[in-house]
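Participant: one predicted model, sequence on top.
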Amino acid sequence: MSSIKIECVTKDGCRIGESPVWDEKESALLFVDITGRKVCRWSSVTKQVQAIPVDAPVSSIAHRKSGDYVITLGTRFAGLKWKEQQVTIITEIDKDKPNNRFNDGKVDPAGRYFAGTMAEETRPAVLERHQGSLYTLFSDLSVVKHFDQVDISNGLDWSLDHKTFFYIDSLSYSVDAFDYDLQTGKIDNRRSVYRLEKEESIPDGMCIDTEGKLWVACYDGGRVIRLDPETGKSLKRVDCNPLDKTTSCCFGGKDYSEMYVTSASDGMDEEWLSRQPQAGRIFKITGLGVKGIPPYPFAG
Ligand SMILES: O=C(O)[C@H](O)[C@@H](O)[C@H](O)[C@H](O)CO
Ligand SMILES: [Zn+2]
């Protein structure tokens, strides 16, 4: 029997840590600090974080086939060259919505970058409703909008057979599934596969494991939960004490057997922060007894 262990691996807290992505080549964890406007890389070798400041809220990061990375920055998709610390804008969306920004994003198994938007929050989970949309950036750098009316576009991943796309609009408190066409990148037939109790917490970032089960970080719930999208049942709950604002999770490390969890501190007052001084840092969970899959690189 493996026993679950949770440790904090970084020294500085993010305002909103998000989009953890394992970087095999660097043995490092990539993540962003959205409102802190930083792209970060924590080396599992040196245990140090390198941070690149950017000029807008940065909400997700992914690998790029040609090397380096792609990010969602404000309402733009952009390339990021790490060594040169150089950001190159690829394209802009939601031009008619100046109060919007991108939120979570992830690359599909065919190399397309999916990312959704939301209105800027006045405080956590408080924002103008239905302003967001879900987009895909294709390898030819063209963009399509899948749907609008989104509140907080969040966690996303694909089933192991690539036939289903999973998606979270946080304020719906639901994990949704769509039929997925890997050839075209089209999504269809939206339905809910799991509903969270409102008191439970807000579903945020998400990743899939090698058994096809979904792991969802629960914002204000201080936990990640493991769900079976086939049965709609919750299988496991891992509490990340003392931490309330768990935002996202991914598998990484050797063989993708470790889970990395990002967290936030925005919206916490002094008293709250004094009880949770590690809010905003990165946590590593070992002993889950299950592995994840490597992240896909953007093909463009
Ligand atoms: O991390 C994110 O995805 C959002 O950008 C955050 O702002 C929170 O998750 C949100 O407030 C909770 O719903
Ligand atoms: Zn999120």
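Facilitator: Here it is on my side, so go on. Numbering: from 1, shown residues only. Ligands and ions are numbered 1, 2, ... in the order given.
Participant: tell me the contacts of the closest residue to Ser172 other than its chain neighbours?
Facilitator: Once flanking residues are discounted, Ser172 sits nearest to Asp151: 7.0 Å by Cβ to Cβ, 6 or more residues apart in numbering. Just so you know, the C-beta spots here come from the backbone N, C-alpha and C atoms, and that holds for glycine as well. Shown in contact with Asp151 (Cβ atoms under 8 Å, 6 or more residues apart in numbering): 118, 127, 129-132, 169-172.
Participant: one more pass at 6 Å, please.
Facilitator: Taking Cβ atoms under 6 Å, 6 or more residues apart in numbering, we find Asp151 in contact with 129, 169, 171.
Participant: ligand 2 contacts on the chain?
Facilitator: Taking Cβ under 5 Å from the ion as the contact definition, the chain meets ligand 2 at 104, 154, 204-205.
Participant: still on that earlier bit, ok, the contacts of Asp151 vs ligand 1, which is closest?
Facilitator: Nearest to ligand 1 among the contacts of Asp151 is Leu171, at 7.0 Å by Cβ to the nearest ligand atom.
Participant: residue ranges with poor pLDDT in this structure?
Facilitator: 1-2 (pLDDT under 70).
Participant: flag every residue of the chain that's near ligand 1.
Facilitator: 16, 18, 34, 103-104, 121, 124-125, 152, 154, 170, 202, 204, 219, 247 (Cβ under 6 Å from any ligand atom).
Participant: kindly recompute the last result at 5 Å.
Facilitator: Within the chain, the positions near ligand 1 by Cβ under 5 Å from any ligand atom are 18, 103, 124-125, 152, 154, 170, 202, 204, 219, 247.
Participant: which among the residues you listed count as buried?
Facilitator: Buried by 16 or more other Cβ atoms under 10 Å: 18, 103, 124, 152, 154, 170, 202, 204, 219, 247, out of those.
Participant: what is the most widely separated pair among these?
Facilitator: Spanning the widest gap among those are Glu18 and Ile202, at 13.6 Å by Cβ to Cβ.
Participant: of the contacts of Asp151, which is the nearest to Gln278?
Facilitator: Closest to Gln278 out of the contacts of Asp151 is Leu171 (26.5 Å), distances taken as Cβ to Cβ.
Participant: am I right that that closest one is in a strand?
Facilitator: No: using DSSP: H, G, I helix; E, B strand; the rest coil, the assignment for Leu171 is helix, not a strand.
Participant: how many neighbours does it have?
Facilitator: 18 (other Cβ atoms under 10 Å).
Participant: angles on the backbone of the nearest residue to it once chain neighbours are set aside, please.
Facilitator: Nearest residue to Leu171, sequence neighbours excluded (Cβ to Cβ, 6+ apart): Asp151, at 3.9 Å. Dihedral angles of Asp151 (phi, psi; degrees, to the nearest 10) stand at phi -90, psi -70.
Participant: now the buried ones among the residues of the chain next to ligand 1 as CSV including secondary structure?
Facilitator: Compiled in CSV, those are given as follows (three-state DSSP):
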residue, secondary structure
Glu18, strand
Asn103, strand
Pro124, coil
Ile152, strand
Asn154, strand
Ser170, helix
Ile202, strand
Asp204, strand
Tyr219, strand
Thr247, strand
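Participant: from what I can see Lys291 touches Glu258, true?
Facilitator: No: the pair Lys291 / Glu258 is not scored as a contact, 9.0 Å apart, by Cβ atoms under 6 Å.
Participant: who has more neighbours, these two?
Facilitator: Glu258 (22 against 15).
Participant: can you map out the strands along the stretch 51-200 of the chain?
Facilitator: 58-63, 69-73, 76-81, 86-92, 100-107, 113-119, 132-137, 143-150, 153-158, 164-169, 174-181, 186-195 (DSSP state E, counting those that start in this stretch).
Participant: so which of those comes closest to Glu211?
Facilitator: Closest among the strands of the stretch 51-200 of the chain, using Cβ to Cβ: strand 153-158, at 13.3 Å.
Participant: and the closest one, how far from the chain's centre?
Facilitator: 7 Å (Cα atoms, centre = their mean, to the nearest Å).
Participant: using CSV, write out every CA atom in that strand.
Facilitator: The C-alpha coordinates for strand 153-158 follow below in CSV (Å, rounded to 0.1, in the frame of the first residue of the first chain):
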residue,chain,number,x,y,z
SER,A,153,-13.7,28.7,-18.6
ASN,A,154,-11.6,26.2,-16.7
GLY,A,155,-10.2,22.6,-16.6
LEU,A,156,-10.0,20.6,-19.8
ASP,A,157,-8.6,17.3,-20.9
TRP,A,158,-9.3,14.4,-23.4
